[in-house]
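Enquirer: 3D, please:
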Amino acid sequence: MSNPPSNASGIALAQQTRQRFVAEAQSALVELVALVQERLTALVSEVAASREMQNRRDIWTLYQSHRSAWLEGTLKAWRLALNPPAVVPIKTGSGGFELVGTEVVENKIIASRLALSVMEKVSPEFNDLRVRIKWLEARADLESDDILRPDVLLLTMIQQWTLVGLPRDAWQLVNEVAYKLLTERLKQAYLNANKFLIEHGVMPTIALPGHVKHLAPTPPRVVASGPAAAGQPAGAKNPRAAPVKSDVADADQETRMLTAATPLIRARTQAQNVLGRIKRLLGSAGGVDFEATQHQPPSAALAAAMAVRTITPGPYFENSTVIDEDGPASVARVAVELRRRTTDLKNKATTQNEKATIEIVALMFQAILQEERIPPAIRVWFARLQMPVLREALAEPDFFETFNHPARQLIDRMGSCVLGFDASGISGSALETEIRRVVQVIEQYPETGKRVYQTVYEEFQQFLEQFLSGKTSTQRMVSVAQQIEEKETLTIQYTIEMRNLLKDMPVHNETREFLFKVWAEVLALSAVRKGPQHIETLTLKKAATDLIWSASAKPDRHDRARVIADLPQLLQKLRAGMTLLGLASAVQQAHIKIINDILADAFLSKTQAIAPERIAALAERLAHVEDFVSANGTGDLPLDARNIEAMLGLDAATFEVVADGGSKPTAAMLAWAQELQLGAWFTLDHNAHVDQVQLVWRSRRKQLHLLVASAGRSYLMQTRRLAAYLQAGLLLPQEEEALTVRATRDALVKLEANPERLLR
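Expert: As a prediction, the model looks like this:
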């Protein structure tokens, strides 16, 4: 089909495509309802903290009574979205702004996170379908509420989840299984929709003529917020307008996102928006539909030119003066070299797309070279990545389609770690050495594509974990904090497991309390310090079963004689355990008195007897209890600044423990706290004292986080307190936008002001 069909037939075919797509989405939802049921049932059966287990049971119960309503409500909403009512503009007295309810915002946050993840997997298929539907309907773009958009489809599903009475926070329990299923099913649905249109002769191959497209005019509108809509073009206001579109719709979108999401979601949405604008600019200036093009390797002449390395860090001479590689003069020299190299490459390029890509990548690295907060020596090393990155951008479509491309992630992580350092602080450091190694490895393997970036990115992440906590004082804090997390986690797990083991045993209540509140912590501390199978830990575990047996009824004379003979040794073990825990003598004595009273009742048969085989089974299970405990559901870990000070042997003035308490953060903020990157810098406002801090360590279970100020002061924070500080604006990222996104935005400004430079 070389020409679009008549308006009526094109719209009818597009609508039939939507109906088929929604039908497949509905089938996927039926699967999802059953899968969510399985996931919640599995969570109920897992061992967790008592409060968490109760919460899971409550959610499971609610889901039984509301899942049908969720399914029916979502199916109905999707069907209605196929024939939306006419939109009547609503005028407000505040220039178009209106208040958005908290529930609406929270729903959008959840849907945006899910849609962004799904979109990364289905974007090629969705973009192909979008091109075909636009062509069929002779429009500039899909409407902001088009059901074909992943964010519209998923937001409707999340809204129905809360409308039927299911807790919004409960979605986090099933988000992962929902993502996996929906990604697979929606990808197939988009593939089938494209196949259906191809069978009807609609653009069998998406390749438009090599001239600038002038699309039919549509009324101006605001682009939908959310990850999937980010970067999509608004309707053209004037069919004679220049091919490079205005930023008005994009600016409106970003403004709404500033008030409708966490900084993490805003950053990702803005990044996707910037990449979308770059793609449109490439398509307009290059004379083709960028999303429809197939990326080809660079031409032979261009590939040969890119293979020549011209930037060589090191001292050099200029007007008989030695110029140090660490100084600003070196950065200026490299900038001139890169611009000269860019011009040479564009002269050797054989296609408009090659020229445009060369210019965009050059402007990105020009922006990075101008980032004065990065030490000059590091900027020079970053500059050497321009040619490898250009090669990747020419060969791989992902580079301009997702901010999660490993080349972008690598530069962003390295950049975030060196922001704020001066030349003297970074020169000769292990961090500079690692960045140099990373660049050299990438240069040595030009033929491996994105694989080399992924490899060195993972290696750099591992390096950071060691480097950031490498100082002696930080190592000591990290060591103690890790022990605290391990001990508190094991304490909770041991308590849960002992409750399960003693659930049906006739054990005195005061014996239970001692085992749960004291002895579980004793076992945990010994396991952390000595190891769970160390002889001392095993001895303490056996003391628990000895106490349970001794406190049961003893009508038999032989058993009473055995208790009397073993009692001094048992009490000695109990005192040793409580001493290990650091309990005061008076507290220990109070516990011993209670235990003696319980044993006296056992002698008088005032307690119930426990069969020897049950004691033996209990002893065996307790000896290997670590094989049965779960690593989940530990909740917040208690922190005590005085205990940490005693363990560290440091002055309390050098560190701050930000323990439990404070406001309750939202689920979105907790998720954000878990995703903060090691090495990132923040402004921390704690007790009216403002510090520039770097996240240098996160515990293995992500319960504790250590931030270190440039002056050396440390802050140990629980996850919930960290999230609460983020929520209150007391912990602010110094860089909300990644380095490569900022550089791309800077390049975009220059190109939109002077688009002709793309092809010169």
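Enquirer: How is this protein partitioned into domains?
Expert: 7-83+102-291, 297-468+742-758, 474-627, 641-736 (automatic domain parsing).
Enquirer: Serialize those to a markdown table and add fields for mean pLDDT and mean neighbour count.
Expert: To be clear about C-beta, it is placed using only N, CA and C from the backbone, and glycine gets the same treatment. Output for the domains of the chain, formatted as a markdown table (pLDDT from 0 to 100; neighbours: other Cβ atoms under 10 Å):
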| stretch | mean pLDDT | mean neighbour count |
| --- | --- | --- |
| domain 7-83+102-291 | 73 | 18 |
| domain 297-468+742-758 | 80 | 18 |
| domain 474-627 | 82 | 17 |
| domain 641-736 | 79 | 18 |
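Enquirer: Could you look up the SS state of Q694?
Expert: Assigned with DSSP: H, G, I helix; E, B strand; the rest coil, Q694 falls in the strand class.
Enquirer: now do D141
Expert: coil.
Enquirer: What's the separation between P167 and Q493?
Expert: 26 Å (Cβ to Cβ, to the nearest Å).
Enquirer: Just the element for M477, please.
Expert: Following DSSP states H and E, one finds M477 within helix 472-501.
Enquirer: next helix or strand past that helix?
Expert: helix 509-514.
Enquirer: who touches the helix or strand just after that following helix?
Expert: Later in the chain than helix 509-514, the nearest helix or strand by DSSP H and E is helix 520-529. Residues outside helix 520-529 that contact it (Cβ atoms under 8 Å, 6 or more residues apart in numbering): 483, 486-491, 493-495, 498, 534, 536-537, 540-541, 544, 577-578, 580-581, 626.
Enquirer: Was I right to think L678 contacts S699?
Expert: No: judged on Cβ atoms under 8 Å, L678 makes no contact with S699 at a distance of 11.8 Å.
Enquirer: residues contacting P406?
Expert: P406 neighbours (Cβ under 8 Å, 6+ apart): K450, Y453, Q454, Y457.
Enquirer: Next one: it relative to I594, how far apart?
Expert: 60 Å.
Enquirer: for Q677, same thing?
Expert: The spacing between Q677 and I594, counted by Cβ to Cβ, is 50 Å.
Enquirer: try R451
Expert: Taking Cβ to Cβ, one finds R451 at 64 Å from I594.
Enquirer: What of P506?
Expert: Taking Cβ to Cβ, one finds P506 at 18 Å from I594.
Enquirer: Could you do M669 as well?
Expert: M669 sits 43 Å away from I594, taking Cβ to Cβ as the criterion.
Enquirer: For L32, what are phi and psi?
Expert: According to degrees, to the nearest 10, the main-chain angles of L32 amount to phi -60, psi -40.
Enquirer: List the residues that contact it.
Expert: L32 is in contact with V177, A178, L181, L182, counting by Cβ under 8 Å, 6+ apart.
Enquirer: Phi first, then psi, for L731.
Expert: Note on L731: its backbone torsions stand at phi -130, psi 110 [degrees, to the nearest 10].
Enquirer: Please apply the same query to L706.
Expert: Torsion angles, degrees, to the nearest 10, at L706: phi -120, psi 120.
Enquirer: wait, doesn't it sit right on L722?
Expert: No: counting by Cβ under 8 Å, L706 does not reach L722; the two are 10.4 Å apart.
Enquirer: where's L716, which helix or strand?
Expert: strand 714-718.
Enquirer: okay, the angle between that strand and helix 472-501?
Expert: Relative orientation of strand 714-718 versus helix 472-501 (axes from the mean of the first three to the mean of the last three Cα atoms, to 10 degrees): 20 degrees.
Enquirer: and strand 714-718, which strands flank it?
Expert: Paired strands of strand 714-718, with direction, are strand 655-658 (parallel), strand 704-709 (antiparallel) (DSSP bridges).
Enquirer: and the next element down the chain from it?
Expert: helix 719-728.
Enquirer: Which element is encountered next along the chain beyond that next one?
Expert: Under the assignment DSSP H and E, the closest C-terminal helix or strand after helix 719-728 is strand 731-733.
Enquirer: now for the helix holding M477, which elements pack on it?
Expert: helix 520-529, helix 612-623, helix 641-648, strand 689-698, strand 704-709, strand 714-718 (3 or more Cβ pairs under 8 Å, 6 or more residues apart in numbering; DSSP states H and E).
Enquirer: now these as a markdown table including distance to D128?
Expert: Listed next are these as a markdown table, based on distance: least, Cβ to Cβ, whole Å:
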| stretch | distance to D128 |
| --- | --- |
| helix 520-529 | 55 |
| helix 612-623 | 58 |
| helix 641-648 | 57 |
| strand 689-698 | 40 |
| strand 704-709 | 42 |
| strand 714-718 | 46 |
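Enquirer: Which among the ones you listed is found nearest to N127?
Expert: For those, proximity to N127 was assessed by Cβ to Cβ; strand 689-698 is nearest, at 35.6 Å.
Enquirer: what sits up against that closest one?
Expert: By Cβ under 8 Å, 6+ apart, strand 689-698 touches 420, 465, 468-469, 474, 478, 481, 676-684, 704-711, 713, 715, 734.
Enquirer: in its sheet, what does it sit against?
Expert: Its sheet considered, strand 689-698 pairs with strand 681-686 (antiparallel), strand 704-709 (antiparallel) by DSSP bridges.
Enquirer: Alpha carbons only: can I get that strand in CSV?
Expert: The C-alpha trace of strand 689-698 is given here as CSV (Å, rounded to 0.1, in the frame of the first residue of the first chain):
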residue,chain,number,x,y,z
HIS,A,689,23.5,20.8,60.2
VAL,A,690,24.0,20.6,56.4
ASP,A,691,26.6,18.3,54.9
GLN,A,692,27.6,17.2,51.4
VAL,A,693,27.6,13.5,51.8
GLN,A,694,28.4,10.5,49.5
LEU,A,695,26.6,7.1,49.7
VAL,A,696,29.6,4.8,50.3
TRP,A,697,28.1,1.6,51.6
ARG,A,698,24.8,-0.4,51.7
